[in-house]
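got a sequence here, can you build the structure:
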Amino acid sequence: MSDRAKAPHLMGHTKNDVTTGKPAKTESGGIFVVDNNEEVRIEEDEEETIYKFNYSHNKAEHLKKMLSFTDLRQVWNSYSQKEVYGKKVFDRNLFNDVKTAVLASPQVMRTIHEQGKKSSVRATTSKADQIADQMMAQMKESVVRPMAYLATKIIHQLYSSIHVTESDIQRLQMTAKKAHDEGVSMVFLPTHKSHIDYVVLELLWFHCNISLPFIAAGENLDIPLVGGLFNNCGAFYISRPFPNDPLYKAIFNEYIAQLLIRGYNLEFFPEGGRSRSGKLLPPKLGMIASILSVMHDKRIKDCYLVPISISYEKVIETGTYIQELLGKAKQPESVNGLLRAAEVLRFNFGQIDIKVGEAASCLDLIQKLTSRGLDVTKLQFRPGDEKIVAKNRYNVSRYVAFDMLHRINDISVATPSAMVVTCLLTNIGRGVGRKEMIENVRWLRNEILLRGGHVSVFGLDNVERMVDRVTLLLRSCIDRRLQMEVIYSPSKRFELSFYRNQLIHLFVGESTLACALYGGLNDFTPGIFVPRQAVEAETMFLSSLFKYEFIYKPKSAGEFSKNFQSTLAQMVKRGVLEFDQDSDEICIARSGPKVYSFLGMFLWPFIESYWVALISLWSLYPQELVEIKEYLTGAQQFAETLYYRGELTFFEAISIGNLQAALTRFEEMGIIEKQLINDKGTSVIKLSKEYQNKNNFRAAVEHLGKFRRFGKYKKEPNFSKQVRELAKGIVKKRSRL
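As a prediction, the model looks like this:
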């Protein structure tokens, strides 16, 4: 084994005895658990699989450490400026130097003079100075170290351990050194499932001696007491929604440019906000576009984008997320909320896995786009080329953003909670026995590995212990009944779906194909053949329909058919489907119904959501208008009614996030039209002329509805009289608008 780079001050860790796989004794427990990259063979029954076995956390040492001053010594000794990989950030003049450069830049000065014509240059200059003060961050060592100590104590209290592989740390340190030698920045792109993300990443950079990044944060976090502390630790606040103010935009873009020009690291969440559903959200392009613009303008030669996945065994905020997805207004961050949140310190939320992917050069990503027909010479603004340059820059930003999210999916790990919950929610029936659950989790773990996925180090534990631990950890959502055997059943299905959705990217291709085939069968009966071309066409329809739900790998024109053939071949190889090449037809294999049903369970809740969103539009037939907010509220109430009437199978189908995404797709598909009705930005929707025709509307509803899971809950036809009458009552008549 090659010599390893030093990973300084990782807060201690415990090694496993590679012969037993059990934790060996150590002098100090720690918050960061480091993979030693030793390979061992785990044997369960007759199956043998090679796993990367990792260090585990010693709970006794953890408790001992919580009562000691070890954390204080570690924080004090960590992050030596002499050993930092990258730019040194503790510079007293940094804030003033960057602010002066931003306000003196040609772009900002030009905007000040243009805006000054409406009032005065002096007033606009004062406004620019105020915007810069509110936005820009500082990096004070006198604040960073105490905050690192406080954060370490909090994380120790909340989580048993944080796992990060030593190879990831080594690669990151090497990239940081390379970037520093080249005079360029690293941009960290983590997933965003919890406010804890900020804390654990900052601790990781701190204890690995990685140059601390400047972090883009929403202004909602700039609250009394803690907002200023975060700002002095590198957080710069962005207004939400992003102001339609040329001056604010100019200062923001120039601030990003100045940080990159000076070689400082950046960190932002490409999804924009926290994922309430558990899966990755479509990217917000603002930050990535701003970074790429600095490259397009030749102000920096390159920068390195680093994908990061953070996986939680239990997320603190899931209860709040579900309330928001049920239509309850999001509560703004406040001091009172912060004090109430302190109550969670009484609980334990399991473990955290952090995976740091291989850094990608922005320059290399742009060059790759030339093979897709991009003219890289049309990325710099010249007179007469403004429209084509703006379009090219948008396409580059979109490609890079989706490429990075796809890389994040590739490195993400399946946590024990995600595997156990997925087996629980994909089970057909009220509950599942403990013995069957253990067998299903073992099967799912192997299926994940077969697909090239990664399993959390904590998921490599004995499966029996893992099931018992997860059902205890999530006991507020999982009922445990002791009958003749232990029976598990979901008590809060909607909340549990957060964990199931964390695995959906591993199965989304197969699930889409399975549901497309189901649309031609409405059954699990094996041996009934359906033309391959028809299945491929329906798979393409569903993939397009859910373009805002799932992250697909960026592909060239004509690549869909190739991906379909590859997915079909894998499903045939795994015994799920059969393919008759002579007749060019597909059917469910005799050994495939159970796996086929498992795959469908990932997509069926989303199909039901979109079907509900579509049938809800019947309330606008033929020419009614409704405000979008009112429509969403009514559609969600309609969905809930259908669920309790037994027309919907999945309670999570009433998610307002899914309904909003469906509405966006229906507008793009030409089913509805959006209309602005006042200067306050209020919009209404109505059926397009084509879908004011009842037959066209019925055809769309029936087409989407045929992919819904058939069973005892699907009582009525997709466009039945009873469902239409109920849908008609969703909104009030609004023609007068």
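
which residues of the chain score low on pLDDT?
1-73, 332-345, 554-558, 711-716, 732-737 (pLDDT under 70).

spit out the contact partners of the closest residue in space to residue 655 that isn't next to it in sequence.
Setting aside the residues directly before and after it, residue 655 is nearest to residue 325 in space (C-beta to C-beta, 6 or more residues apart in numbering), at 4.5 Å. Placement of C-beta: from N, CA and C, glycine included. Residues near residue 325 by C-beta atoms under 8 Å, 6 or more residues apart in numbering: 276, 277, 494, 655, 656, 657.

my guess is residue 375 contacts residue 391. True?
No. Using C-beta atoms under 8 Å, residue 375 makes no contact with residue 391, being 10.9 Å away.

relative to the lengthiest strand in the chain, what are the paired strands and their orientations?
Longest strand in the chain by number of residues (criterion: DSSP state E): strand 303-312. When pairing is defined by DSSP bridges, strand 303-312 lines up against strand 185-190 (parallel), strand 351-356 (antiparallel), strand 360-361 (antiparallel).

can you redo these as TSV with distance to residue 537 and mean neighbour count?
Shown next, in TSV, are the strands paired with strand 303-312 (distance: least, C-beta to C-beta, whole Å; neighbours: other C-beta atoms under 10 Å):
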stretch	distance to residue 537	mean neighbour count
strand 185-190	35	25
strand 351-356	36	25
strand 360-361	34	18
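
would you turn those strands into TSV with distance to residue 290?
As requested, the strands paired with strand 303-312 are exported to TSV (distance: least, C-beta to C-beta, whole Å):
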stretch	distance to residue 290
strand 185-190	11
strand 351-356	23
strand 360-361	18
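
who wins for proximity to residue 688 among these?
Across these, residue 688 has its closest neighbour in strand 185-190 (37.4 Å, C-beta to C-beta).

can you give the distance of that closest one from its chain's centre?
16 Å (C-alpha atoms, centre = their mean, to the nearest Å).

what helices or strands is the longest helix anywhere in the chain leaning on?
For the chain, the longest helix by residue count, based on DSSP state H, is helix 386-411. Counting contacts by 3 or more C-beta pairs under 8 Å, 6 or more residues apart in numbering; DSSP states H and E, helix 386-411 is packed against helix 286-296, strand 303-312, strand 360-361, helix 362-368.

ok, residues contacting the helix or strand following that helix?
With elements assigned by DSSP states H and E, the helix or strand that comes after helix 386-411 is strand 413-414. Residues outside strand 413-414 that contact it (C-beta under 8 Å, 6+ apart) are 309, 311, 353, 355, 445, 448, 453-456, 459, 502-503, 506.

among the residues you listed, which are in strands?
Using DSSP E, the members of the contacts of strand 413-414 that fall within strands are 309, 311, 353, 355, 454, 455.

need those residues in a markdown table with distance to residue 229, can you?
As requested, these are arranged in a markdown table below (distance: C-beta to C-beta, whole Å):
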| residue | distance to residue 229 |
| --- | --- |
| 309 | 27 |
| 311 | 27 |
| 353 | 27 |
| 355 | 28 |
| 454 | 35 |
| 455 | 37 |
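
same question for stretch 176-186: list its buried residues.
The neighbour-count check on stretch 176-186 (16 or more other C-beta atoms under 10 Å) flags 176, 179, 180, 184, 185, 186 as buried.

give me the element the closest residue to residue 354 other than its chain neighbours is part of.
Take residue 354 and drop its neighbours on the chain: the residue closest to it by C-beta to C-beta, 6+ apart is residue 164, 4.6 Å away. According to DSSP H and E, residue 164 maps onto strand 161-165.

picking that back up, list the buried residues in the longest helix of the chain.
Across helix 386-411, burial judged by 16+ other C-beta under 10 Å covers 389, 392-393, 396-411.

go on, stretch 430-445?
431-434, 436-438, 440-445.
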